[in-house]
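Asker: Turn this into a structure:
(one chain, ligands or ions: 1)
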Amino acid sequence: MYAFYSLLVYIFYTVFKKEEEEALGAAQGGASALMSESPLVAVMSHLLSFLEQYSHLQQLQQQADQYRVQLKRHRAQHRRQMKTLRTSYRQRLRDKNSVIDSLEEAITTQQYTPSTPGSDGECGADVPGAGAGAGLHRLVESLYGLQGEKSQLRGELRLLHSQLEQREQDRHSRVQVFQHQIDELKSCIEEREEELSRLRTASGATDSEKRVVCLSAENESLKQSLTVTQGLLQQLSVIPSQSSSVLIKENVLSNGALCLLLRMFSLTVLCYSSCRRMFFLTDNVLSNSALCLLLQENVLSNSTLCLLLRMFSLTVLCLLLRMFSLTVLCYSSCRRVFSLTENENLRSRVQQLESSLQQRIVTQTVEVESPATLRQLAEARERNEQLSEKLTNQNEKCRQLEEHIRKSDEFSCNLQHKIAAYEREISVLQEELLKEIGHLEEKKEEAVKAAATCSVEHFQSLQDHPAEASDSAPSDPAHHEDRLRQPEEPGPQLLRLLRSSHHRRQETDISSYEEMSEANKDLLEKYRKEVALRRKHHEQLVELKGNIRVLCRVKPVLKEDQHEEGQSVVVTTDPNNESALSVLKGQGRSHNFELDRVFHPQATQEEVFQEIEPLVTSCIDGYHVCIFAYGQTGSGKTYTMEGSTENPGINQRALKHLFSEIEDRKDMWMYTVTVSSVEIYNEVLRDLLSKDGEKLDIKINPDGTGQLHVPGLRLIEVKSFQHIKKLLAQARRNRITFGTQMNQHSSRSHALLMITVLGTDLASGAKTTGKLNLVDLAGSERVWKSGAEGERLKEAQNINRSLLALGDVIQALRGKEKHIPFRNSRLTYLLQDSLGKGNKTAMVVQVSALERNVGETMCSLKFAERVCKVELGPAARKIQRGGGSHQCD
Ligand SMILES: Nc1ncnc2c1ncn2[C@@H]1O[C@H](COP(=O)(O)OP(=O)(O)OP(=O)(O)O)[C@@H](O)[C@H]1O
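Answerer: Numbers count the residues shown, from 1 in each chain. Predicted coordinates for the structure are as follows:
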């Protein structure tokens, strides 16, 4: 169509040119100036320039096509690159996954290898070590590989970034070129418009011009939309020029580009509809122009009008073309924006991949660490927090101590000042004293001299009157001494006199000393008797009140204790007071304890038993008796209760005593002795005389007496002491012991030997039920000191818990509370019969004399002091008279 128009224009031009040449030939000369100024020629020349512009536009179009092709090529190249990158990424990720899998496998193998059945001893210990080494090696290698790949990828990414920047620069320059061309075209259009309006005014307005005005208005609206489009284009050219990374960061580009695209699309649609309208109008104009051409053939006067119309149509066409080119430009910009968006998407994808790779690396690093390590890490963190808390506390304490030290310093400074003042005073006094001494010495010298003179005079007078000497000599021995001092001519009589007086004085001294020591002995004897009497009275009082008797035995320092630190002895007993005990707590401070009886370290098993013996005897009489040994682990509880084969303890001696008493009473009483033995280990009751060691339970006796009994417990009737020895040995074998840091054979359970003595009075038929509970408690211990872990720790916790329950029971008994918490532990529940009212109870507190155990010793003795104060009330005898009624005396 454009070719047709240009051909048409060219034809018009040649026709008009010919006519002009002919007219030129006819009119000659002066008319030429008129012709050159003819509007038709001007219009034609404008048309030609327009054609030129049009060809230029086409060139631009071609350039735009070229750019588009280039862009397409770049995009394809970019896509290819991204594809290869993506494949390489995927490949690398696959590699990493396989490495991670292998590492996980290695770690799993490492974790499970030690528990593999059959792996034991050194062999079992070596394999995990090698596995761990290999795993670690692989891990380090993979990490290095990952880091290398990471840096490589970073390099590639940098390259891509630089390429992207280069492309953006290219695009920016192209946009600028386009903008420049658009500006040029705009100015051209403006020029044409001006020219057109000028021509219009020159040629005058017709009816058709009204339409032209309408078209111009439309043209104006189109121009406005063009301006909007250009504005958008400028926005588009501005947005990409910004740093893409910034846009990504602000997360604006994608949204903005989308909005712009939508806007562009709507504008393009608008443009398209406008174009359609323009085409329609142009068709109308063309038809008009065709009409004009026809008229031109007939009516030459209308030719100008036709030309004008034609001009207008061409101008509209030009505008249309311009619009079209702008639309194309917009489209290409849109494409560019799309490509940019795509680029940005790709870049963000690359970043995502990179971050995911980093995450993978991090995840891998974290996954490599086993759950146990993580747990340890968490624990370590917790410990760290606790330690930091402790540190804060310590700092606070330190600060307080510093404050204290500062005050002490001040105090000591004051004291030093005072001491200095006192010293000055003392030195003054010393000087005065020396002066006084000197003065006295002088006086003494004078007195001695006077005495000597007097003696000499006396001696002289004696020589003159010898008869008087015999009367006066013995009466004044000091006089003789003075004489003795007299160097001048002492006579033999005087010497004799003096010697005899000296002998007499010595004899007096010796006799007075002997008298004194005799008096001392008497006093000591009296004191001892007094102490014994006091003790007896105390015991009677204790018996009346029903106090728990507390005996204390100090363990001697054995050879095995001597190689360790803190072996100095801090516990001392008083040989003159069998109830006193003193513990040196350090820094010269000591604590004195007063108990019912204290056994010094050298006390024998027999001595200890002698103290217990009356209680054992009372068991035969029908009393409930409980004797238990309490103390820290390794302090000698088992030694006191069980003893050794050659030196048996309370248990054997008590039973021996029982049998000998029974033997003594056999003419009047008949006795049945039954024995049972249990241990409480981890709050579980076990029969020590049963082979299977089944678990037992404590129940209330269904006979209605309210007594406790243990269903299923073996009660063995014993006839002789030999039999009981065997049973005791069996019970000892069955008892649970382990070695701890404190004791090589530490008893980890409470052991109870329960002896029931049923007596029948052969004369009256009265029956007595005596019970003797001999309890060897498990050692109270400080867990950190005993080095207990795992199962041992659980044991220690259970032991300490039951001892605490025992302490609570003692406390409640002491306070005469209504509720005594016997049921808080198996131990107290089982001892309920013996610790309750009307029973006789004795506790043997075992203590170590060594300095390193002073803390435990103090605890045990303080507990003993508390137990001392527990009153169970007067003991009641369990006797059933002949009539069948159960009575208590
Ligand atoms: N009076 C003593 N004379 C000689 N050796 C003693 C004496 N007291 C304790 N021993 C010895 O000390 C060691 C520990 O004593 P024992 O086992 O009786 O302590 P324990 O208090 O029962 O300890 P645990 O509570 O751990 O069972 C034993 O070897 C024991 O022979």
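Asker: Only C-alpha atoms from now on, for both contacts and neighbour counts.
Answerer: OK.
Asker: Just give me the neighbour total for Q610.
Answerer: Applying other CA atoms under 10 Å, we find 14 residues neighbouring Q610.
Asker: secondary structure class for it?
Answerer: helix (DSSP: H, G, I helix; E, B strand; the rest coil).
Asker: same thing with I820?
Answerer: Taking three-state DSSP, the label given to I820 is coil.
Asker: Dihedrals phi and psi, it?
Answerer: Per-residue torsions, I820: phi -100, psi 120 (degrees, to the nearest 10).
Asker: closest point of the stretch 451-600 of the chain to the ligand, which residue?
Answerer: Nearest to the ligand, among the residues of the stretch 451-600 of the chain, is K555, at 4.8 Å (CA to the nearest ligand atom).
Asker: Now K397: which helix or strand?
Answerer: Under the criterion of DSSP states H and E, K397 resides in helix 371-464.
Asker: how about the helices in the stretch 751-889 of the chain?
Answerer: 783-786, 790-814, 826-830, 832-835, 854-868 (DSSP state H, counting those that start in this stretch).
Asker: Now the longest one: buried residues?
Answerer: Think helix 790-814. Going by neighbour count (16 or more other CA atoms under 10 Å), the buried part of helix 790-814 is 792, 795-803, 805-814.
Asker: Now do R801 against T828, distance only.
Answerer: R801 is 11 Å from T828, where distance means CA to CA, to the nearest Å.
Asker: Double-check L708 against D697; I have them as touching.
Answerer: No. Under the contact definition of CA atoms under 8 Å, L708 does not touch D697, with a separation of 10.4 Å.
Asker: Contacts only, for the residue of the stretch 451-600 of the chain closest to the ligand.
Answerer: The contact partners of K555, taken as CA atoms under 8 Å, 6 or more residues apart in numbering, are 600-601, 635-636, 846-849.
Asker: give me phi/psi at it?
Answerer: Dihedral angles of K555 (phi, psi; degrees, to the nearest 10) stand at phi -70, psi 130.
Asker: mind giving me the domain split of this protein?
Answerer: 62-116+127-201+211-368, 387-483, 546-888 (automatic domain parsing).
Asker: where exactly do the strands run in the stretch 501-650 of the chain?
Answerer: All strands of the stretch 501-650 of the chain, identified by DSSP state E, counting those that start in this stretch, fall at 549-555, 571-574, 577-586, 589-594, 597-599, 624-631.
Asker: where are the low-confidence patches of the stretch 301-450 of the chain?
Answerer: Applying pLDDT under 70 to the stretch 301-450 of the chain flags the ranges 301-347, 349-350, 353-370.
Asker: so which residue of it comes closest to the ligand?
Answerer: Per CA to the nearest ligand atom, R383 is where the stretch 301-450 of the chain lies closest to the ligand, at 31.0 Å.
Asker: Okay, and the beta partners of the residue nearest to A751 when sequence neighbours are not counted?
Answerer: Distances taken as CA to CA, 6 or more residues apart in numbering place E679 nearest to A751, at 4.4 Å, with adjacent residues excluded. Judged by DSSP bridges, the bridge partners of E679 are R686, A751.
Asker: Look up how far the ligand lies from E679.
Answerer: Remark: distance between E679 and the ligand (CA to the nearest ligand atom, to the nearest Å) = 13 Å.
Asker: what about that residue, how many residues close to it?
Answerer: Look at E679: counted by other CA under 10 Å, it has 28 neighbours.
Asker: same deal with E446?
Answerer: Residues within reach of E446, counting by other CA under 10 Å, total 12.
Asker: F659 now?
Answerer: Around F659 there are 19 residues (other CA under 10 Å).
Asker: Quick check: it touching S720?
Answerer: Yes. Assessed by CA under 8 Å, F659 is found in contact with S720 at 7.2 Å.
Asker: Out of the domains of the chain, which gets the lowest mean score?
Answerer: Ranked by mean pLDDT, the domains of the chain bottom out at domain 62-116+127-201+211-368, with a mean of 65.
Asker: and whichever strand or helix holds F50, what does it pack onto?
Answerer: For F50, the element it lies in under DSSP H and E is helix 39-112. Applying 3 or more CA pairs under 8 Å, 6 or more residues apart in numbering; DSSP states H and E, we find helix 39-112 packed against helix 2-27, helix 121-203, helix 303-368.
Asker: ok, 6 Å please
Answerer: helix 121-203 (3 or more CA pairs under 6 Å, 6 or more residues apart in numbering; DSSP states H and E).
Asker: residues from the chain in reach of the ligand?
Answerer: 555-556, 633-639, 743, 746-747, 778-779 (CA under 6 Å from any ligand atom).
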